[in-house]
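[1] Predicted coordinates and the sequence they were generated for:
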Amino acid sequence: MGSRPPTYAIQARSVHDVSQISSDETSGGDFNVLFIGAGNVVFGTTEGPWNHSLRFEKKLGDRLKVVAVVDPDITRAKKAIDAKSNTPAKASYEQTKVFRTVEEFATAIHSKDTPRIILVGVPPAFRGSTLPGHNLEQQVLKHLPGIPMFVEKPVATGPVNRTLVVSQEIGKAGTLCGVGYMLRYLQAVQKMKRIIKEHDLRVMATITRYAAAYESISVDHWWDKSRSCGPIIEQATHVADLSRYFAGEVDLKTIRAQTLDWDEEPGFLSEIPIDESKIKEDNRIPRVTASTWKYQSGAVGSLIHLAVLQGTDYSCEFEVYADGYLFKLVNPYVKPTLYIRRPGNDIEEVYTFADDDPFYTEVSNFVDVIESGDKRKESNIFSTYADACKTYEFTWAIREAGERSRAKRKARALWESELGKSSR
């Protein structure tokens with residue numbers, strides 16, 4: 001019998017019990033926060049772990065004062081606030097107002113209600129661009145200058161060049177802006193980073209697999225590339241970002257990708273929960289995207305995204321290789337488990353991280369940086385807007401490489417068909 005791998009359980013504090021608040025969370029005065037968006041990202045959903053309001057409540061306790069919720073759907077916003085009256089955090093929402101636009105809020109604001117953080121939790125179609133109606137960050141910079149923003153990912157769904165303009169404007173304004181690439185904040189990920197740094201390792205390769213449970217994705221826009229930009233940009237963005245986080249910048253010119261598409265025989269899906277026939281054929285998502293590239297360091301990377309599983313559970317693994325080392329992160333979204341193989345031992349160490357909540361950690365770090373007023377601590381914000389734009393550009397490059405491959409296959413098939421007809 002072979003040796004059993006050593007297993008280490010690392011305990012993390014849970015975010016779910018908001019009644020247990022430590023002394024550092026109750027010290028200091030009120031902490032004003034503005035929520036932009038009254039949907040799932042801010043107030044939660046049964047379909048996933050997103051619920052930033054809960055994390056702010058846990059971090060700040062009674063200090064949290066949600067001064068307003070900005071959302072064009074006033075009814076939804078009021079309903080979300082009313083639901084908080086039945087929770088331990090009800091005091092944080094007793095004076096919360098509702099506005100349709102950032103401009104309305106800025107016009108009505110009193111100095112005592114000036115937010116210290118603006119949480120931007122609206123869908124990416126409404127931000128990350130310079131076009132009216134899609135330029136929420138520009139509206140914040142105009143009407144609420146200088147206030148730190150925390151923005152969800154991906155940073156946009158529009159053209160990359162417009163998003164880069166927004167990034168430049170945020171940088172020029174000197175506005176602190178973090179982006180919600182929460183996997184960077186996992187204890188497992190930070191442990192990997194520490195070991196790589198401590199041993200002065202050079203990353204040689206990254207390998208990523210992300211398999212979605214498509215049967216549970218019942219929102220129409222996810223299946224429509226013209227609306228969500230496709231699964232690489234909208235969904236695999238987290239693991240694409242991890243790839244950059246460990247191996248550095250990608251040489252975008254080296255990206256190659258192949259796709260399995262809806263009109264190819266293996267691409268048939270039997271349990272699609274929406275009517276895909278209502279989506280234009282050119283806008284239907286690929287079932288599989290497999291891509292490879294080189295990093296600027298010379299290392300190599302690969303990513304495969306699959307919309308193939310049924311049920312509700314996804315399957316995701318992320319691997320990093322260095323001389324003598326393998327780091328394998330399994331199930332990072334739900335129950336992160338880290339496997340490490342080191343030089344001199346073929347048996348992998350196994351680390352589990354009970355109750356680790358990266359959503360809480362990213363919010364906690366952001367609040368701590370703002371309260372410290374120390375720019376040197378901004379490195380504890382692991383994903384800035386400028387950095388997130390590089391991930392956005394990277395995922396667009398993968399999508400476009402896949403589309404070029406598909407176009408070449410279709411052109412070749414057409415040429416071969418015409419050649420066959422002419423030879424008869």
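    All right, it came through fine.
[2] got the domain boundaries for the chain?
    Per automatic domain parsing, the domain ranges recorded for the chain read 23-180, 183-356+384-408.
[3] What are the buried residues along stretch 261-274?
    Buried residues in stretch 261-274, counted by 16 or more other C-beta atoms under 10 Å: 261-262, 267, 272. For every residue, glycine as well, the C-beta is placed using N, CA and C.
[4] and which of these is nearest Asn86?
    Relative to Asn86, the closest of the buried residues of stretch 261-274 is Ile272; by C-beta to C-beta it sits at 37.0 Å.
[5] wait, the closest one sits on Trp223?
    Yes: here Ile272 reaches Trp223: they are 7.4 Å apart, a contact under C-beta atoms under 8 Å.
[6] so Glu234 touches Lys225, yeah?
    No: between Glu234 and Lys225 there is no contact under C-beta under 8 Å: 9.3 Å.
[7] Looking at those two, which one has more neighbours?
    Using other C-beta atoms under 10 Å as the criterion, Glu234 and Lys225 rank with Lys225 on top: 23 against 19.
[8] report the longest helix in the protein, please.
    Counting residues, the longest helix found in the chain (DSSP state H) is helix 385-422.
[9] Off-centre distance for that helix?
    24 Å (C-alpha atoms, centre = their mean, to the nearest Å).
[10] Repeat that for stretch 347-367.
    Mean-position distance between stretch 347-367 and its chain equals 15 Å (C-alpha atoms, centre = their mean).
[11] Next: stretch 91-103.
    26 Å.
[12] Only alpha carbons, please: show that stretch as PDB.
    Taking C-alpha atoms only, stretch 91-103 is exported to PDB below (Å, rounded to 0.1, in the frame of the first residue of the first chain):
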ATOM      1  CA  ALA A  91     -29.800  49.700  11.800                       C
ATOM      2  CA  SER A  92     -27.400  50.100   8.900                       C
ATOM      3  CA  TYR A  93     -30.400  50.700   6.600                       C
ATOM      4  CA  GLU A  94     -32.800  52.700   8.700                       C
ATOM      5  CA  GLN A  95     -31.900  56.000   6.900                       C
ATOM      6  CA  THR A  96     -31.100  54.500   3.500                       C
ATOM      7  CA  LYS A  97     -32.500  56.500   0.600                       C
ATOM      8  CA  VAL A  98     -33.200  55.400  -3.000                       C
ATOM      9  CA  PHE A  99     -32.200  57.200  -6.200                       C
ATOM     10  CA  ARG A 100     -32.500  56.400  -9.900                       C
ATOM     11  CA  THR A 101     -29.200  57.800 -10.900                       C
ATOM     12  CA  VAL A 102     -25.800  58.800  -9.500                       C
ATOM     13  CA  GLU A 103     -26.500  62.400 -10.500                       C
END
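[13] mean confidence for it?
    Average pLDDT, stretch 91-103: 98.
[14] Could you tell me which residues within that stretch count as buried?
    In stretch 91-103, counting by 16+ other C-beta under 10 Å, buried: 92-93, 96-99, 102.
[15] roughly how far apart are Gly171 and Ile81?
    Distance from Gly171 to Ile81, counting by C-beta to C-beta, to the nearest Å: 34 Å.
[16] More neighbours: these two, which one.
    Of the pair Gly171 and Ile81, Ile81 is the one with more neighbours under other C-beta under 10 Å, namely 22 against 13.
[17] Just list the residues touching the more buried one, thanks.
    When contacts are counted by C-beta atoms under 8 Å, 6 or more residues apart in numbering, Ile81 touches 66, 69, 93, 96, 98.
[18] How about the third one: what's its closest non-neighbour residue?
    Distances taken as C-beta to C-beta, 6 or more residues apart in numbering place Lys84 nearest to Tyr93, at 4.3 Å, with adjacent residues excluded.
[19] And for Ala108?
    Excluding the flanking residues, the one nearest Ala108 by C-beta to C-beta, 6+ apart is Phe99, at 6.9 Å.
[20] Return the closest of the contacts of Ile81 with respect to Tyr325.
    Val66 (44.6 Å).
[21] any idea whether that closest one is helix, strand or coil?
    Secondary structure for Val66, judged by DSSP: H, G, I helix; E, B strand; the rest coil, is strand.
[22] how close does the nearest residue to it once chain neighbours are set aside sit to Val239?
    Nearest residue to Val66 in three dimensions, chain neighbours excluded: Thr96, at 4.7 Å (C-beta to C-beta, 6+ apart). Note on Thr96: its distance to Val239, by C-beta to C-beta, is 35 Å.
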